[in-house]
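S.K.: Requesting a structural model of the entry that follows:
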Amino acid sequence: MASSEGSNAAAAPRPVPGSYGLPVIGAVRDRLDFYYFQGQDKYFESRVERYGSTVIRINVPPGPFMARDPRVVAVLDAKSFPILFDVDKVEKKDLFTGTYMPSTSLTGGYRVCSYLDPSEPTHAKVKQLLFSLLHSGKDAVVPAFRANFSSLLDTVESQLAKGGKAEFNKLNDATSFDFIGDAYFGVRPSTTDLGSGGPTKAAKWLLWQLHPLVTLGLPMIIEDPLLHTVHLPPCLVRGDYKALYKYFSAAASQALDAAEGLGLSREEACHNLLFATTFNSYGGLKVLFPGLLARVAEAGEKLHRRLAAEIRAAVADAGGKVTVAAVEKMELTKSAVWEAMRLDPPVKFQYAHAKTDLLIESHDAVYQVKKGEMLFGYQPCATKDARVFGPTAREFVADRFVGEEGSKLLQYVYWSNGRETESPSVGNKQCPGKNFVVLVGRLLLVELFLRYDTFTAEVGTELLGTKVTFTGVTKATSGPATQ
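M.R.: From the prediction side, this is the model:
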């Protein structure tokens, strides 16, 4: 029997506490709690409290009649959560979205890389393709980001001048979509046949895959049967997907050439690039950037001044240029990005099947799990673990990861489907763009605080996370932007 190592490893294993309730009825009741009566955080926290354990048996959405089996063993603390990353002990096949899987009609008939287990030969080929794409575009990231997001901030200032407010999310959707195409392929989607419609087509396609896990704010009696019990027909987004595919098949021609050298067909490679770029990268930035901006806005002017000073000093030392080397020296800036991703990870849910009988260790006990059981992790519970992050675990502490002591906590940052201290490879399921995501998070703060001393914003919620509306900016009084 496989086991984890730690202080409790020699303890007698306990059965996992919890309850699934009555068949069908229990899962439906829990789904309503999750979406409508309690909300995500309270749903998990209340059950941890009820059963006196951070490893528990529960149902997870969407449940009947979309998921074959909603029953999982949930790992909800920082110590038990990493079992989900250990591909020697768990299998990740067809589990990207959890207890249900969207139709492959939404991905050209292919099971794309996110749904493949590392043991499947195609996984290594596609992930190597993604690594190659990231490497080939590494010199384009900074200039592409600055060009696209400088334009976004110009628009923010224009809207503030006209109406006193500027909605960041809508601007970010269009800008991030163009930036990713620009950085990866050298072709902004908005300059092609997609025009300005790319983000809308992408968002619609994303919704068709994620609708079982979201709410739109409709009345429960309408929304629950519409979104959470049956799959929306893929035929309704076929035209949107074809338009996206056309862009990628042309813009990504060099990457597709490389894919053939790895043993992939151009067609399969193109569907994988579309998914990785649109779902993983673009979908991630739709969540990451508003969440980061909201946390920094709420932290206030004192943090803004510290970030501005660090960013401007590093850029000045680099001869007034924003370079990757200069950004690497911005310790507070990097910490702030990690802290935002700790609190608001772009992907909150992780899943796996036990390959064999397992012993899973929490802070307080060891639990026995049988081969084939579904394991589930709600990341915010693990990354807000007070046993690791102390009394400020639920607070945004921008400099949490600064210095030697702060860096020791990075092993408990899990947003990338792995520890922040580890690296993605063809043999694991960690996000291939892990370093890219942290870099662009920092670049957003760099662009912001080269330009402004401070800013104010209203923070709310929307479909996929946080909504941010700028209400004011104070132009920089020092640094490159004033010269």
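S.K.: residues contacting the residue most central in space within the chain?
M.R.: When Cα atoms, centre = their mean is applied to the chain, the residue found nearest the centroid is residue 346 (2.4 Å). Counting by Cβ atoms under 8 Å, 6 or more residues apart in numbering, residue 346 touches 283, 284, 287, 288, 291, 415, 437. Any C-beta I mention is one placed from the backbone N, CA and C, and that applies to glycine too.
S.K.: And for residue 46?
M.R.: residue 38 are the contacts of residue 46 under Cβ under 8 Å, 6+ apart.
S.K.: Might one say that residue 285 is in contact with residue 178?
M.R.: No: counting by Cβ atoms under 8 Å, residue 285 sits too far from residue 178 to count as a contact (11.3 Å).
S.K.: out of those two, which sits in the busier spot?
M.R.: When residue 285 and residue 178 are compared for neighbours, residue 178 comes out ahead with 25 against 22, by other Cβ atoms under 10 Å.
S.K.: which SSE is that one in?
M.R.: According to DSSP states H and E, residue 178 maps onto helix 168-185.
S.K.: now that helix: how far from the chain's centre is it?
M.R.: 16 Å (Cα atoms, centre = their mean, to the nearest Å).
S.K.: and the next element down the chain from that helix?
M.R.: Immediately after helix 168-185, counting by DSSP H and E, sits helix 198-210.
S.K.: Tabulate the CA atom coordinates of that next one in PDB.
M.R.: Only the C-alpha atoms of helix 198-210 are listed here, as PDB (Å, rounded to 0.1, in the frame of the first residue of the first chain):
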ATOM      1  CA  GLY A 198     -12.400  36.500 -30.900                       C
ATOM      2  CA  PRO A 199     -12.900  37.000 -27.100                       C
ATOM      3  CA  THR A 200     -16.700  36.500 -27.400                       C
ATOM      4  CA  LYS A 201     -16.300  33.300 -29.400                       C
ATOM      5  CA  ALA A 202     -13.700  32.000 -26.900                       C
ATOM      6  CA  ALA A 203     -15.900  32.900 -23.900                       C
ATOM      7  CA  LYS A 204     -18.900  31.100 -25.400                       C
ATOM      8  CA  TRP A 205     -16.800  28.000 -26.100                       C
ATOM      9  CA  LEU A 206     -15.400  28.100 -22.500                       C
ATOM     10  CA  LEU A 207     -18.900  28.400 -21.100                       C
ATOM     11  CA  TRP A 208     -20.000  25.300 -23.000                       C
ATOM     12  CA  GLN A 209     -17.300  23.300 -21.200                       C
ATOM     13  CA  LEU A 210     -17.500  24.900 -17.700                       C
END
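S.K.: which other residues reach it?
M.R.: 97, 102, 106, 173-174, 177-178, 189-190, 194, 214, 232, 234, 236-237, 240-241, 243-244, 247, 278-279, 282-283, 286, 463-464.
S.K.: circling back to that earlier point, pipe the contacts of residue 346 into CSV and attach distance to residue 83 and secondary structure per row.
M.R.: Formatted as CSV, the contacts of residue 346 follow (distance: Cβ to Cβ, whole Å; DSSP: H, G, I helix; E, B strand; the rest coil):
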residue, distance to residue 83, secondary structure
283, 26, helix
284, 24, helix
287, 25, helix
288, 25, helix
291, 26, helix
415, 17, strand
437, 23, helix
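S.K.: which residues of the protein fall in strands?
M.R.: 2-3, 14-15, 55-59, 71-75, 90-91, 166-167, 349-354, 358-361, 366-369, 374-378, 452-462, 465-475 (DSSP state E).
S.K.: helices or strands next to the third one in the packing?
M.R.: Of the remaining helices and strands, those touching strand 55-59 by 3 or more Cβ pairs under 8 Å, 6 or more residues apart in numbering; DSSP states H and E are helix 25-32, helix 40-51, strand 71-75.
S.K.: Equivalent analysis for the fourth one, please.
M.R.: If you count contacts as 3+ Cβ pairs under 8 Å, 6+ apart, strand 71-75 packs onto strand 55-59, strand 374-378.
S.K.: centre of the chain versus the first one, how much separation?
M.R.: Think strand 55-59. Relative to its chain's centre, strand 55-59 lies at 23 Å (Cα atoms, centre = their mean).
S.K.: Sketch out the helices for the stretch 1-150 of the chain, chain order is fine.
M.R.: 25-32, 40-51, 121-136, 141-163 (DSSP state H, counting those that start in this stretch).
S.K.: List the buried residues of the longest one.
M.R.: Pointing back at helix 141-163 there. 141, 142, 144, 145, 146, 148, 149, 152, 153, 156, 159, 160 (16 or more other Cβ atoms under 10 Å).
S.K.: Now do that helix: distance to the chain's middle.
M.R.: A distance of 23 Å separates the centroid of the chain from that of helix 141-163, by Cα atoms, centre = their mean.
S.K.: quick one, it and strand 452-462 angle?
M.R.: For helix 141-163 against strand 452-462, the angle between stretch directions is 80 degrees (axes from the mean of the first three to the mean of the last three Cα atoms, to 10 degrees).
S.K.: Please report the distance of residue 324 from residue 296.
M.R.: Going from residue 324 to residue 296 by Cβ to Cβ, to the nearest Å gives 21 Å.
S.K.: between these two, which one's more packed in?
M.R.: Neighbour count, other Cβ under 10 Å: between residue 324 and residue 296, residue 296 has more, with 25 against 14.
S.K.: quick one: contacts for the more buried one?
M.R.: Applying Cβ under 8 Å, 6+ apart, the residues near residue 296 are 303, 304, 307, 336, 340, 398, 445, 448.
S.K.: And for residue 311?
M.R.: Contacts of residue 311 (Cβ under 8 Å, 6+ apart): 330, 333, 445, 446, 449, 450, 479.
S.K.: Quick check: nearest residue in space to it, chain neighbours excluded?
M.R.: Nearest residue to residue 311, sequence neighbours excluded (Cβ to Cβ, 6 or more residues apart in numbering): residue 449, at 4.9 Å.
S.K.: can you check residue 132 too?
M.R.: residue 258 (5.6 Å).
S.K.: quick one: the one you found from residue 187, how far?
M.R.: 16 Å.
S.K.: quick one on the thing from earlier: which of the contacts of residue 346 has the most neighbours?
M.R.: Result: residue 288 is most packed of these (other Cβ under 10 Å), 26 neighbours.
S.K.: Isn't that one up against residue 437?
M.R.: Yes: shown here, residue 288 and residue 437 form a contact pair, counting by Cβ under 8 Å, at 6.8 Å.
S.K.: With that, I have no additional questions.
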